[in-house]
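Chemist: With the input below, show me the fold.
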Amino acid sequence: MIQLLKQIQNKAQFFLLTMILSVVTFVGFAQSPTHIPREQSSPVDFFDSTENIVFFIVIPVVIVILYLVWRRNLKKQREEEEKNL
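Modeler: Here you go, the predicted structure:
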């Protein structure tokens with residue numbers, strides 16, 4: 001009797017898991033847009049705009065340089081504090 005209940009439970013769990021995965025898959029496919037154009041657009045001309053160069057090259061380089069300078073100054077301050085102790 002117990003063996004039969006375990007088999008029924010295992011089959012029920014498998015059935016529920018299958019149903020849940022089927023519903024999740026269906027919902028995932030239902031979310032994909034169908035009424036939009038599927039054409040491939042041309043790549044963005046990155047170097048045509050000064051703003052692109054400033055925002056994506058100059059500012060990140062300046063931030064990295066400032067970070068490195070800040071870390072070096074912080075290290076120097078720690079060394080000076082250790083010398084003074």
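
Chemist: For Asn84, list the residues it contacts.
Modeler: Neighbouring residues of Asn84 by CB atoms under 8 Å, 6 or more residues apart in numbering: there are none. From N, CA and C alone the C-beta is placed, and that goes for glycine too.

Chemist: Now do it, the pLDDT please.
Modeler: Note on Asn84: pLDDT of 87.

Chemist: can you count the residues close to Leu66?
Modeler: Here the number of neighbours of Leu66 (other CB atoms under 10 Å) works out to 10.

Chemist: ugh, typo on my part, it should be Asn52
Modeler: With other CB under 10 Å as criterion, Asn52 counts 13.

Chemist: Would you enumerate the residues in contact with it?
Modeler: Under the criterion of CB under 8 Å, 6+ apart, the neighbours of Asn52 are Phe46.

Chemist: let's see it at 10 Å
Modeler: For Asn52, the contact set (CB atoms under 10 Å, 6 or more residues apart in numbering) comprises Val44, Asp45, Phe46.
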